[in-house]
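# Make a model of this:
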Amino acid sequence: MQDSQNPGPRSLESIRADFPALHQEVNGQPLVYLDNAATAQKPRAVLDAISNYYERDNANVHRGVHTLSQRATDAYEGARERIARFLGASSSREIIFTKGTTDAINLVASSFGGSKLGPGDEVLISEMEHHANIVPWQLLCERIGAVLKVVPVSAEGDLIYEEFRLMLTERTKLVSLVHVSNSLGTINPVRQIIADAHSMGIPVMLDGAQAIPHGKVNVSDLDVDFYCFSSHKLFGPTGFGVLYGKASLLEDMPPYQGGGDMIEEVDFEGTTFNEIPHKFEAGTPHMAGAIATAAAIEYVEEVGYDFVAKQELELLAYATNKLKSIDGIRIIGEAKEKASVISFLVGSSHPYDVGTILDKMGIAVRTGHHCTQPLMKRFGVPGTVRASFAFYNTRAEVDRLAEALVRVSGMLS
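Alright, predicted model coming up:
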């Protein structure tokens, strides 16, 4: 495999050839896929990993003595080791397999929050959170009498850091923030957030769903307490995610769900539980998901995060300038540090109308509130049109989007 810091002479054309879904027509037009923040397309290496598992090694893990089960177990636990290295975890014991980011946040809210927080304690989130990082904490706070505090966002889409600092108190028992905003592309200053919270003994959880596809994350270097992401945004399969947690915290947390594999011994008088990470992984796991996620990681690191960052930042700057040159386009969120996401409005037109017409032109974007309704209310809009770019997108596709938006603006004005 090529070194992640030296991807070698891979052309963009050759990289695009790895993604079968990109090479199709939609409504009679070549597809322009700009909905990567919702889910990314899958390279052939990931598709092959899924099919190979089901064609050759399909068996349940951990409990079988037959060859297929042993092969499946080796591949499954090998994927955990690979993901641990990818995240810079100190041990694969700190890697919990989940259904996705939402499941991971619910796990921490239920297990850590339910056992460590009490009446009057505070959980700190922000205005830019995805619903998945709002609702689980609301449910927890309602159940135990804790308080949910919300850090405001500036007109540009930045976290108002002075307010964050002021809201950190002796009552704050957890900070749970998005690393990169799915609606605005804002990159939060997570290193400073973690340092400031830790200076007061407050643990930090980061929703990394939108960060992992765009840049290298090292959880040990960040010193973050919990970090989670979904595979499908990292060019992997749907229905699979990862929660990293410091071993000292995970060992002290009760199980999230009960069932097979998370137990050591079961008796009607009581049950003893397995060690981490298996304590949090009840039932038959998503074996193909774990194996294909490892394949997705191998692929992204072969392409190289240096290439990913360069390509996406260039596309973001190019697309931002293109859209700003079109009359009637209003960009929502222009933070100082952004990932390759642009949310915008076209005059007074409803985002759904814009997105529907773009689809007729073969251009896939996301429309609506993007599961961030409080953030939309903060900006006084019902939703936006969101174009989100991956490293396989091109300037020609941005040109297609800009040309289409000129036509849409004329049609809907």
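# Check the offset of stretch 201-208 from the chain's centre.
Averaging C-alpha positions (Cα atoms, centre = their mean, to the nearest Å) puts stretch 201-208 15 Å from its chain's average.
# Report the separation between the two terminal residues of that stretch.
One end of stretch 201-208 to the other measures 22 Å (Cα to Cα, to the nearest Å).
# Then stretch 111-126?
Stretch 111-126 has its terminal residues 22 Å apart, counting by Cα to Cα.
# contacting residues around that stretch?
By Cβ atoms under 8 Å, 6 or more residues apart in numbering, the surrounding residues in contact with stretch 111-126 are 133-134, 137, 140-141, 143-153, 159, 164, 167-169, 171-178, 188, 203, 226, 249, 253-256, 280. Where you see a C-beta, it was placed from the backbone N, CA and C, and this is true even at glycine.
# Neighbours of residue 260, how many?
Residue 260 has 14 neighbours, counted by other Cβ atoms under 10 Å.
# One more: residue 336?
11.
# The nearest residue to it once chain neighbours are set aside: how many residues sit nearby?
Leaving aside its sequence neighbours, residue 336 sits nearest to residue 158 (Cβ to Cβ, 6 or more residues apart in numbering; 6.2 Å). Residue 158 has 21 neighbouring residues, counting by other Cβ under 10 Å.
# same thing with residue 201?
Residues near residue 201, counting by other Cβ under 10 Å, number 9.
# Check the gap between residue 333 and residue 149 for me.
Separation of residue 333 from residue 149 (Cβ to Cβ, to the nearest Å): 22 Å.
# go on, residue 270?
Counting by Cβ to Cβ, the separation of residue 270 from residue 149 is 38 Å.
# More neighbours: the two, which one.
Legend: neighbour count by other Cβ under 10 Å for residue 270 and residue 149, higher for residue 149 (20 against 7).
# Surely that one touches residue 167?
Yes. With contacts defined as Cβ atoms under 8 Å, residue 149 counts as touching residue 167 at a distance of 5.5 Å.
# List buried residues within the contacts of stretch 111-126.
The neighbour-count test (16 or more other Cβ atoms under 10 Å) applied to the contacts of stretch 111-126 identifies 133-134, 137, 140-141, 146, 149-151, 153, 159, 164, 167-168, 172-178, 188, 203, 226, 249, 253, 255-256, 280 as buried.
# Below-threshold pLDDT in this structure: ranges please.
When residues are selected by pLDDT under 70, those of the chain lie in 1-9.
# now with 90?
Counting by pLDDT under 90, the chain contains low-confidence residues at 1-10, 63-64, 257-267, 269-276, 410, 412-413.
# Okay, domains of it per the record?
Domain assignment for the chain by automatic domain parsing gives 12-43+304-412, 47-301.
# Now find how far off-centre the longest one is within its chain.
In terms of Cα atoms, centre = their mean, the centre of domain 47-301 is set 10 Å apart from its chain centre.
# can you offset everything so residue one is 44?
New numbering, starting at 44: the last item is domain 90-344.
# May I have the distance across it, first residue to last?
Terminal residues of domain 90-344 lie 17 Å apart, using Cα to Cα.
# do the same with the shortest one
In terms of Cα to Cα, the two terminal residues of domain 55-86+347-455 are separated by 35 Å.
# what's around residue 102, how many residues?
17.
# one step back: residue 229 is in contact with the residue nearest to residue 379, correct?
Yes. Using Cβ under 8 Å, residue 201 is in contact with residue 229, at 6.3 Å.
# Overlap in contacts, these two.
By Cβ under 8 Å, 6+ apart, the residues touching both residue 201 and residue 229 are residue 378.
# Centre of the chain to stretch 401-421, how far?
Using Cα atoms, centre = their mean, the offset of stretch 401-421 from its chain centre is 17 Å.
# My reading is that residue 378 lies in a strand. Confirm?
No. Counting by DSSP: H, G, I helix; E, B strand; the rest coil, residue 378 is located in no strand; its state is coil.
# what separates the residue sitting furthest away from the middle of the chain from residue 246, distance-wise?
Distance to the chain centre peaks in the chain at residue 312, reaching 40.7 Å (criterion: Cα atoms, centre = their mean). Here residue 312 is placed at a distance of 34 Å from residue 246 (Cβ to Cβ).
# Bridging across strands, which residues link to the residue lying closest to residue 323 once chain neighbours are set aside?
Distance criterion Cβ to Cβ, 6+ apart; nearest residue to residue 323, sequence neighbours excluded, is residue 139 at 4.8 Å. Beta bridges link residue 139 to residue 286, judged by DSSP bridges.
# Next, work out how far apart residue 139 and residue 61 are.
Residue 139 is 29 Å from residue 61, where distance means Cβ to Cβ.
# and the two? which has more neighbours close in?
Of the pair residue 139 and residue 61, residue 139 is the one with more neighbours under other Cβ under 10 Å, namely 25 against 20.
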